[in-house]
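Colleague: what shape does this take:
(one chain, ligands or ions: 2)
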Amino acid sequence: MVSTKAYEMASKQRDISVAEFFEKNRHLLGFDNTRKALLTTVKEAVDNSLDACEEADIIPEIVVEVIDMGDDRFRIIVEDNGPGIVKSQIPKIFAKLLYGSKFHRLKQSRGQQGIGISASVMYAQLTTGRPAKILSKVGPDKPAHYYELKIDTARNKPQILKDEKGENENSHGTRVEIDLEGTYVKGKQSIDQYLKQTAIVNPHVNITYVNPKAEQIIFPRVTDKMPRQPIEIKPHPAGVELGILLKMLSATSFRTLQAFLTNEFSRVGSGTAKQICEKALIPPSTIPRRIKRGDAEKLINAIKKTKIITPPTECISPIGQELLEKGLRKEINAEYYCAVTRKPSVYRGNPFQVEVAIAYGGDQTAEGSVNLLRFANRVPLLYQQSACSIFRSVADTNWRPYGLSQSNGSLPQGPVTIAVHIASVWVPFTSESKEAIAHYPEIISELKLALQEAGRKLKKYTVKKRRVKEELKKRSFIEKYIPHVADGLREILDLKRIEVSSVEKILKQMLEKKRGKLDKVGFDPSENPDYDEEFARIGSIGRDDEKKQEQEEAWENAKADDSEENEQKKEEKDQKENKQEAKTKKE
Ligand SMILES: Nc1ncnc2c1ncn2[C@@H]1O[C@H](COP(=O)(O)OP(=O)(O)O)[C@@H](O)[C@H]1O
Ligand SMILES: [Mg+2]
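Modeller: Ligands and ions are numbered 1, 2, ... in the order given. Model (predicted):
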């Protein structure tokens, strides 16, 4: 009986294509609701365009059009002036999941998984049945190629519906057109907000955006200087895991262990390689292919015991504290700004770097939690705030000494915006939708150090402000008595009215002289020439509507966690009841 069941089960066991898997689990890719689907698609296409332009050293010129087609359908068009895509690659890039150029390398970029744009194509065909339309050209004297593509999800292979010569006015670049079901919203999690924040942290980019109301918004570039090109690095030995080391040992073309170590890893010179071999008790001349599991394990332990310099950091390209602060100045009219860029650090062998900027007071509302802006590799993160290690680090930092109120374990309160950027060769997102950063202890620790450093700068201002406020209170208290003193003097000395007013003036002058000059604090809207009111308004809605949107997201997240948590709570309750029962029985 049992054996027949096994055969019956065997007849149903088969491969699952990665496309079918994600078709069923599209929430993992950022397509769990129609609002998010629209944003995710724009984001994937724009991120690709920016990555491609930067890699080709072309100053990016991006056009984004979102057209309302009625019946909850939208057409998204994203066009760039990038290097274009070679004809034979176009079908695989847009109609095969897990295909890309960034997964296997260690270098900062916006995309990394090779699953971004093809996921949007899959979602589009799922909701509208329509193919993606791609036009690409690799050079002025090369023809443009036009494709209409769908994904054969059962096989995760491109299905080519049209393959023709196309017309592209630009000398090079790519145009992507995708029809999908979506909902267009304004507010914190909107396309408008994403593009605005993208413009803030990518000042070298020119974006022309036409929204579904056919309004054109231009985000002009602020600098012609491209960000420093990150350089690809080799893996750092400190982060290598056993399985990876075995794979590298069997694939290497180097003939000795010593050559393998010095050439396949960063920061391993011949001295370090010799030390590792010595500690592992394996001769440096060993042929890498012959090293089996036991010896590989010895190598890993030897690496752990050897002092190796931290990975090179030219593979990451931070925004820089000046630009990050300038970005905040443009969007928020505050009374005080500060920013911090930490030195690069390493998690699991991957270099990363944290930057923080704070805008305090001014136009910002004092009610409720601070406004937190998250960025990873120059991409704004708009969803899953509470699941992100950036959020956790801000909430777990004690902001009270820096002058903000805060209840334990939550975001601080007050008229403050905190912008946090993580740049890394591999950002450890919690899911393929790339919305929240995983809780690696090394990352959390760096985040907290950066926040504390920025917090200490903020403290200098909040302390000064409090002091000035207290002093002003005292002065106004003393000032209240000046007319009474003057009046007393008039009576005693029989002064004339004109003399009384000069006595009052002298007393005021004395007060100011004795108590000293006050520092300048407070909000002067004309003090920030960078502030752009019109820009600040893009994508924003009233605070109430924003709260509503936040609640909706929290509700959606809670629904996902709910079943698990309920189970746990039920279990705890049961245990409590059992204990209680046992206790009463005893009594
Ligand atoms: N607009 C574009 N211009 C040039 N190359 C592109 C463009 N869009 C995508 N690509 C190429 O297609 C690959 C796959 O893109 P995608 O599926 O978004 O994955 P990822 O960005 O994570 O690598 C990229 O790695 C890149 O090489
Ligand atoms: Mg991508």
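Colleague: okay, and the residue nearest to Val138 when sequence neighbours are not counted sits in which element?
Modeller: Leaving aside its chain neighbours, Val138 sits nearest to Gly84 (3.8 Å; criterion: CB to CB, 6 or more residues apart in numbering). All C-beta spots, glycine's among them, are computed from the backbone N, C-alpha and C. Assigned by DSSP states H and E, Gly84 belongs to neither a helix nor a strand.
Colleague: so what's the backbone phi/psi at Gly84?
Modeller: phi 80, psi 180 (degrees, to the nearest 10).
Colleague: now do the residue nearest to Gln197 when sequence neighbours are not counted against ligand 1, distance only.
Modeller: Nearest residue to Gln197, sequence neighbours excluded (CB to CB, 6+ apart): Pro380, at 3.6 Å. For Pro380, the distance to ligand 1 (CB to the nearest ligand atom, to the nearest Å) stands at 16 Å.
Colleague: and the pLDDT at Pro380?
Modeller: Note on Pro380: pLDDT of 97.
Colleague: could you measure from it over to ligand 2?
Modeller: 15 Å (CB to the ion, to the nearest Å).
Colleague: can you check Asn81 too?
Modeller: Taking CB to the ion, one finds Asn81 at 17 Å from ligand 2.
Colleague: for the residue in the chain that ligand 1 sits nearest to, the count of nearby residues, please.
Modeller: Of all residues in the chain, the one sitting closest to ligand 1 is Gly111 (2.1 Å; CB to the nearest ligand atom). By the measure other CB atoms under 10 Å, the count of residues near Gly111 is 21.
Colleague: pretty sure it sits against Ile93.
Modeller: No: using CB atoms under 8 Å, Gly111 is not in contact with Ile93, being 10.9 Å away.
Colleague: where do the contact lists of those two overlap?
Modeller: In terms of CB atoms under 8 Å, 6 or more residues apart in numbering, Gly111 and Ile93 are both contacted by the residues Gly100.
Colleague: near ligand 1, which residues of this protein?
Modeller: 44, 48-49, 52, 80, 82-83, 85, 93, 100-102, 111-118, 174 (CB under 6 Å from any ligand atom).
Colleague: at 8 Å what do you get?
Modeller: Residues of the chain lying near ligand 1 by CB under 8 Å from any ligand atom: 44-45, 47-49, 51-53, 78, 80, 82-85, 89, 93-94, 97, 99-103, 109-119, 136, 173-174, 176.
Colleague: roughly how far out does stretch 516-526 sit from the chain middle?
Modeller: Averaged C-alpha coordinates place stretch 516-526 at 34 Å from its chain's average position (CA atoms, centre = their mean, to the nearest Å).
Colleague: residues contacting it, please?
Modeller: 333-335, 361-363, 461, 464-465, 467-468, 471-472, 531.
Colleague: again, but for stretch 388-395
Modeller: Against stretch 388-395 from outside (CB under 8 Å, 6+ apart): 370, 372, 374, 381, 385, 409-412, 418, 420, 422, 430, 435-440, 443-444, 447-448, 451.
Colleague: could you redo the last one with a cut-off of 6 Å?
Modeller: If you take CB atoms under 6 Å, 6 or more residues apart in numbering as the criterion, stretch 388-395 is touched by 374, 385, 409-411, 420, 436-437, 439, 443-444, 447-448.
Colleague: ok, stretch 60-71 next?
Modeller: Contacts for stretch 60-71 (CB under 6 Å, 6+ apart): 49-50, 53, 74-81, 205-212.
Colleague: stretch 540-549 too?
Modeller: Lys186, Gly187, Lys188.
Colleague: please redo it, this time with the cut-off set to 8 Å
Modeller: Val185, Lys186, Gly187, Lys188, Gln189, Gln193, Thr365, Glu367, Gly368.
Colleague: with only the CA atoms kept, save it in CSV.
Modeller: Only the C-alpha atoms of stretch 540-549 are listed here, as CSV (Å, rounded to 0.1, in the frame of the first residue of the first chain):
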residue,chain,number,x,y,z
SER,A,540,2.9,64.9,-2.1
ILE,A,541,-0.6,64.8,-0.7
GLY,A,542,-2.0,66.0,2.6
ARG,A,543,-0.6,64.6,5.8
ASP,A,544,-4.0,62.9,6.5
ASP,A,545,-4.0,61.1,3.2
GLU,A,546,-0.4,60.1,3.7
LYS,A,547,-1.4,58.6,7.1
LYS,A,548,-4.2,56.7,5.4
GLN,A,549,-1.8,55.2,2.9
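Colleague: and that stretch, which residues are buried?
Modeller: Neighbour counts over stretch 540-549 (16 or more other CB atoms under 10 Å) mark Ser540, Ile541, Glu546, Gln549 as buried.
Colleague: among these, name the ones in strands.
Modeller: Under the assignment DSSP state E, the buried residues of stretch 540-549 contribute nothing to strands.
Colleague: how about those residues in JSON lines, adding pLDDT and distance to Met9?
Modeller: Putting the buried residues of stretch 540-549 into JSON lines (pLDDT from 0 to 100; distance: CB to CB, whole Å) gives the following:
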{"residue": "Ser540", "pLDDT": "81", "distance to Met9": "55"}
{"residue": "Ile541", "pLDDT": "78", "distance to Met9": "53"}
{"residue": "Glu546", "pLDDT": "74", "distance to Met9": "51"}
{"residue": "Gln549", "pLDDT": "73", "distance to Met9": "46"}
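Colleague: tell me which of those residues is nearest to Arg329?
Modeller: Ser540 (16.5 Å; CB to CB).
Colleague: list phi and psi for the closest one.
Modeller: According to degrees, to the nearest 10, Ser540 has phi -90, psi 150.
Colleague: which parts of the stretch 101-250 of the chain are helices?
Modeller: Taking DSSP state H, counting those that start in this stretch to define them, one finds helices in the stretch 101-250 of the chain at 116-128, 191-201, 242-251.
Colleague: mind giving me the domain ranges of the chain?
Modeller: 18-219, 237-305 (automatic domain parsing).
Colleague: tell me who's in contact with Pro351.
Modeller: Ile233, His236, Thr310, Pro311, Pro312, Thr313, Cys315, Ile316, Pro344, Ser345, Ser424, Val425.
Colleague: what's the answer for Glu169, then?
Modeller: Glu169 neighbours (CB under 8 Å, 6+ apart): none.
Colleague: picking up where we left off before, next, format the helices of the stretch 101-250 of the chain as TSV and append distance to Arg329, mean neighbour count and mean pLDDT.
Modeller: Shown next, in TSV, are the helices of the stretch 101-250 of the chain (distance: least, CB to CB, whole Å; neighbours: other CB atoms under 10 Å; pLDDT from 0 to 100):
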stretch	distance to Arg329	mean neighbour count	mean pLDDT
helix 116-128	31	24	95
helix 191-201	10	24	95
helix 242-251	44	14	94
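Colleague: for Leu324, find the nearest of those helices.
Modeller: helix 191-201 (7.3 Å).
Colleague: contacts for that closest one next, please.
Modeller: With CB under 8 Å, 6+ apart as the criterion, helix 191-201 contacts 38-39, 42-43, 46, 50, 64, 66, 184, 186-187, 205, 207, 209, 211, 217, 219, 319, 323-324, 327-328, 330-331, 373, 375, 378-380, 382, 421, 535, 538-540.
Colleague: restricted to strands, list those residues.
Modeller: Val64, Val66, Ile207, Tyr209, Ile217, Phe219, Leu373, Phe375, Val379, Pro380, His421.
Colleague: which pLDDT value belongs to Gly84?
Modeller: 97.
Colleague: and if you look at the one 4 residues further on?
Modeller: Residue-level confidence at Ser88 comes out at 97, pLDDT.
Colleague: hmm, back to that, which of the contacts of stretch 388-395 count as buried?
Modeller: Using 16+ other CB under 10 Å, the buried ones in the contacts of stretch 388-395 are Arg374, Gln385, Leu411, Val420, Ala436, Ile437, Ile443, Ile444, Leu447, Lys448.
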